[in-house]
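I'd like to go over a predicted model; first the sequence, then the structure.
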Amino acid sequence: MKIPENVRPAVIVGAWLATAALTFGLGRLTAFVDAPPAASVEVPVVKRGAISVNSVEVVGGERIGEFSLEGGTGKTIEDLTGGKPMGDWLKRLLAQDDEVVRMTGFMMLLEKLNTPEEIEAALVVVHGRSDWGGRSREAAMLLQKWTKLDPQSSMAYVQGLKDPGSKFGGMNTVLQTWTRANPQEAVAWAKANGENKGKDSQDGNWAMSSVINQLAKSNIGQALQLAEGEGVSRARGYVIDTLVSQLVTQRGETAAREAALGITDESMKAAMVRQLAGRAAGTNPGEAMAWVGTLPAGEAKNSALAETVSQWAQKDVVGATAYMKGLAPGVETDGTRARFASAVVRSNPLEAVTWANTITDPKARTASLGEVVGSWMRSDADAAKQWVAASPLPAETKTEILSGAARSGRGGWQGGPGSTRGRVP
């Protein structure tokens, strides 16, 4: 089709502008050092068959940086860096403002890192930056590749990190990658090296929890066996959410309930049944209550009932309250009363302390009152303190309640509806 003469100039100009916009949109690759440019602040250059976009930053007429990925299609690190030391090149890459530029260059580098020594050199740069926490994605990618090459040396590296957060996060990354590649080796390492030897014996084996979380995606049966073998700990409590979620996803709700009831460790069974009951109650409290009613008497049923009532109260406090009024007091229902009190304290603190006060076990009652009063104090401290002062409770109990309330206010209680985080199952 022939373009009319009177239209042709406009078409040519439009095409030129579109090409310029596309070229500029490929990104800014800035940064290095030589003579200042004569004029423009940004000079985009695109070469066919290679990723090469150069731009120059000018401050006060002085050229302060130039950065290029022109060597990205080469085979070696030296090709990519233009012969410059990889550490210096990576520092400049991570200093780029354009995230597309950073990730493009980083992926090019990652592809060319082929030995543990090269990867470690890159990690030293990432972990050495003051803002390295914002580069945790890059650190994780480097650790994943290193682990695929040599999991033992990558684990040795993260174990040598001094920052607790980077050490813990690095261990999780290595173990999850290791588990995908060789679960037997990862399990063996976690068993031999992961047990917490600190002051808090309830922490358990956090390394094993990382392995179990990953293994649950591919072998839920083995993951359940490993978790049960770990015994009571916070680390095991942390994986309960993953185990329940994977059971439901892979096998369905009914099969997940059967699997949970088949666990021989009573504490773990109770934690998982509680989770399943909470999931059901979140959408259909009546269906959840019907299932809980079929459970055999014991810790699992008591725990599931408490969770279900707590969820029910958040959806239908009138119906949940009517049920609670017909629930006989006793040690078996103390947990349900405590959870119900926690569920209603925001809407009706006086009713909450009344329910907490019906708990039969003295220690559990005081603990529940402390938690409820702590929640009440966050919304109306004066009213909460006045209730404690006017109550007929012994002076010693009042002191314990106020102490518990203070701990609750500082986040001492870490549970929540439907959650096992922070609990010891």
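Happy to help now that I have it.

Could I get the contacting residues of the residue nearest the centre of the chain?
When the chain is reduced to its mean C-alpha position, the nearest residue by C-alpha atoms, centre = their mean turns out to be Gly169, at 10.3 Å. Residues near Gly169 by C-beta atoms under 8 Å, 6 or more residues apart in numbering: 136, 139-140. C-betas here are computed from N, CA, C, even on glycine.

Now rank those residues by neighbours and give me the top one.
Taking other C-beta atoms under 10 Å to define a neighbour, the member of these with the most is Ala139, carrying 22 neighbours.

And the pLDDT for that one?
What the model reports as pLDDT for Ala139 is 93.

so it sits right up against His127, yeah?
Yes - with contact defined as C-beta atoms under 8 Å, Ala139 and His127 form a contacting pair (6.6 Å).

Now do the shared contacts for these two.
Common neighbours of Ala139 and His127 are listed as Ser166 (criterion: C-beta under 8 Å, 6+ apart).

hang on, the earlier thing: does the residue nearest to the centre of the chain count as helix, strand or coil?
For Gly169, the secondary-structure state derived from DSSP: H, G, I helix; E, B strand; the rest coil is helix.

and the top helix by length along the chain, average pLDDT?
The longest helix of the chain (DSSP state H) is helix 362-390. In this model, helix 362-390 carries a mean pLDDT of 92.

I'd like to know which elements the helix or strand in which Thr399 is found is packed against.
Thr399 is part of helix 395-409 when elements are defined by DSSP states H and E. Using 3 or more C-beta pairs under 8 Å, 6 or more residues apart in numbering; DSSP states H and E as the contact test, the elements touching helix 395-409 are helix 362-390.

now the helix it packs on against helix 395-409, angle please.
Angle, helix 362-390 to helix 395-409, by axes from the mean of the first three to the mean of the last three C-alpha atoms, to 10 degrees: 100 degrees.

any idea how far helix 362-390 is from the chain center?
Its chain's C-alpha centre lies 32 Å from the corresponding centre of helix 362-390 when counted by C-alpha atoms, centre = their mean, to the nearest Å.

Now that helix: buried residues?
When neighbours are counted by 16 or more other C-beta atoms under 10 Å, the buried residues of helix 362-390 are found to be 364-377, 384-385, 387-388.

what about the stretch 201-350 of the chain, any weak spots by pLDDT?
Counting by pLDDT under 70, the low-confidence segments of the stretch 201-350 of the chain come to 201.

rerun that using 90 as the cut-off
Where the stretch 201-350 of the chain drops to pLDDT under 90, the residues are 201-203, 231-232, 282-283.

can you pull out the strands in the stretch 101-250 of the chain?
Per DSSP state E, counting those that start in this stretch, the stretch 101-250 of the chain has no strands. Nothing in it meets that criterion.

The helix or strand in which Gly278 is found packs against which elements?
The secondary structure element spanning Gly278 is helix 266-283 (assigned by DSSP H and E). On a contact count with 3+ C-beta pairs under 8 Å, 6+ apart, helix 266-283 meets helix 234-251, helix 253-261, helix 285-293, helix 299-315.

Domain map for this protein?
As given by automatic domain parsing, the domain ranges for the chain are 25-111, 113-181, 327-412.

Which residues are in contact with Arg365?
Counting by C-beta under 8 Å, 6+ apart, Arg365 makes contact with 334, 356-357, 359.

if we go to 10 Å?
Taking C-beta atoms under 10 Å, 6 or more residues apart in numbering as the contact definition, Arg365 lies against 334, 337-338, 356-359, 393, 397, 401.

How about the contacts made by the spatially closest residue to Ala277 that is not a sequence neighbour?
Counting by C-beta to C-beta, 6 or more residues apart in numbering, Ala277 lies nearest to Ala304, which is 3.8 Å off, once chain neighbours are set aside. Contacts of Ala304 were listed using C-beta under 10 Å, 6+ apart, and they are 260, 270, 272-278, 280-281, 288-289, 291-293, 295, 336.

From Ala343, how far off is Ala304?
15 Å (C-beta to C-beta, to the nearest Å).

One more: Thr73?
Spatial separation of Thr73 from Ala343 under the definition C-beta to C-beta is 61 Å.

Pick out whichever of these two has more residues nearby.
Neighbours around Thr73 and Ala343, counted as other C-beta under 10 Å, are more numerous at Ala343. The numbers are 21 against 14.

So for the more buried one, what's the nearest residue that isn't a sequence neighbour?
The spatial neighbour of Ala343 that comes closest, neighbours along the chain excluded (C-beta to C-beta, 6+ apart), is Ala313 at 3.9 Å.

residue contacts, Ala320?
So Ala320 contacts 285, 289, 308-314, 340, 343-344 (C-beta under 10 Å, 6+ apart).

Surely Ala223 and Lys217 touch.
Yes - here Ala223 lies in contact with Lys217, judged by C-beta atoms under 10 Å, at a distance of 8.4 Å.

Touching both of these two, which residues are there?
Common contact partners of Ala223 and Lys217 (C-beta under 10 Å, 6+ apart): 179, 242, 246.
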